[in-house]
Each structure stands twice: as C-alpha cells, then as structure tokens.
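Chemist: Fold the following.
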Amino acid sequence: MEDIELIVKLRMELIVNNAALGKTQNDENGSFYEIYKNTRKYYEEHLSSDDHMMYLVLCDGAVAACGGAYTYQELPSYKNVTGKCGRIVNIYTKPEYRQKGIATALLKYLIDKLRAAGMEKIYLRTTKIGRSVYEKIGFSEMKDCMELTNPN
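Modeler: All right, here's what the predicted structure looks like:
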C-alpha cells in the first residue's frame with residue numbers, strides 16, 4: 001500500500017507537470033481530487049493482477065522516475081494477428097534526473113517485458129518532452145487515430 005501511495009503521487013505530479021488538466025490541485029470542480037481518488041482505486045485493483053505492471057526507479061535511494069504498462073486484447077488484424085497489445089503509461093522522470101538515460105532504460109525494460117509476454121503491438125501517448133525518446137527507440141506516430149473525450 002505504501003508503494004501505491006507513492007505511485008499515485010508520482011502520477012499526479014506527472015499530470016500537473018504535463019499540464020494535462022490545465023488546472024491545479026485547487027481547481028473549482030474538484031477534478032484533481034477525483035483523478036487522484038480514481039487513480040488510487042485503479043492501482044489497488046490492477047497492480048495485484050497480471051494485466052498491469054508499474055516500476056519505480058531509485059537513484060541513491062530517492063525515487064527518480066516511474067513507468068508502467070498494461071496488457072489487453074484487441075481484435076486480430078494483419079498488423080497484429082494475435083490481437084495482444086500493450087500500452088506503456090506514466091513514463092515520468094523527475095526534473096532533476098532528466099537527461100541521464102533513465103527514461104530510455106525504463107522504456108526498453110517495459111518493452112522487453114511486454115514482448116516476453118507476447119504483445120505484438122505496443123502503444124503509448126507522448127508529450128513534446130518524451131517524443132524524441134520514443135522515436136529513437138522505434139515508436140512512430142499514428143496518423144489515422146482520433147479520440148472522443150468527455151466534454152466536461
């Protein structure tokens with residue numbers, strides 16, 4: 001449970017630093033707290049299963065980075081005949097540990113774990129900061145993908 005609290009705090013730091021909400025912890029409609037609460041619930045349910053993995057990277061005893069992945073099944077296709085997929089999530093390096101290769105090493109580790117589990121396709125979302133790291137490893141932009149989100 002102690003690790004879950006740390007993982008949730010790092011995810012919230014990632015969200016704030018990436019300005020994904022465009023708001024702060026004190027936003028007027030409480031969405032920050034809702035995300036925190038739902039993230040904690042998600043990890044409590046999924047970290048004990050085989051479908052989600054999460055790793056913390058320590059440097060001299062301090063948490064420097066985190067990253068995770070989950071697996072799922074999609075319909076088989078010519079690009080993925082088994083339909084087995086992985087999605088890499090929450091790659092986050094604290095600012096003082098950036099540019100040291102930590103995210104790259106963690107990303108390669110996650111890819112190896114997903115490939116060993118039989119995942120033929122691996123997805124991730126990126127920010128401007130992370131894009132070059134992912135491209136160097138071989139990820140490419142998906143051009144024909146769209147998203148519909150809740151308007152609230």
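Chemist: going forward, measure contacts between C-alpha atoms and count neighbours the same way
Modeler: Will do.
Chemist: can I get the CA coordinates of the longest strand anywhere in the chain in CSV?
Modeler: The longest strand of the chain (DSSP state E) is strand 62-73. Output in CSV follows, covering the C-alpha atoms of strand 62-73 (Å, rounded to 0.1, in the frame of the first residue of the first chain):
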residue,chain,number,x,y,z
ALA,A,62,15.5,8.5,-3.9
VAL,A,63,12.7,8.0,-6.5
ALA,A,64,13.9,9.4,-9.8
ALA,A,65,11.4,8.0,-12.2
CYS,A,66,8.4,5.7,-12.8
GLY,A,67,6.7,3.9,-15.6
GLY,A,68,4.3,1.2,-16.2
ALA,A,69,2.4,-0.8,-18.8
TYR,A,70,-0.8,-2.8,-19.1
THR,A,71,-1.9,-5.5,-21.5
TYR,A,72,-5.2,-6.1,-23.3
GLN,A,73,-6.7,-7.8,-26.2
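Chemist: which residues make contact with it from outside it?
Modeler: 7, 10, 51-58, 83-94, 97, 102-103, 106-107, 110, 114, 119 (C-alpha atoms under 8 Å, 6 or more residues apart in numbering).
Chemist: Can you get me the centre-to-centre distance for stretch 116-134 and its chain?
Modeler: 9 Å (C-alpha atoms, centre = their mean, to the nearest Å).
Chemist: Tell me the buried residues in that stretch?
Modeler: Neighbour-count burial for stretch 116-134 flags 119, 120, 121, 122, 126, 133, 134 (criterion: 16 or more other C-alpha atoms under 10 Å).
Chemist: Equivalent analysis for stretch 32-41, please.
Modeler: Buried residues in stretch 32-41 (16+ other C-alpha under 10 Å): 32, 35, 36, 39, 40.
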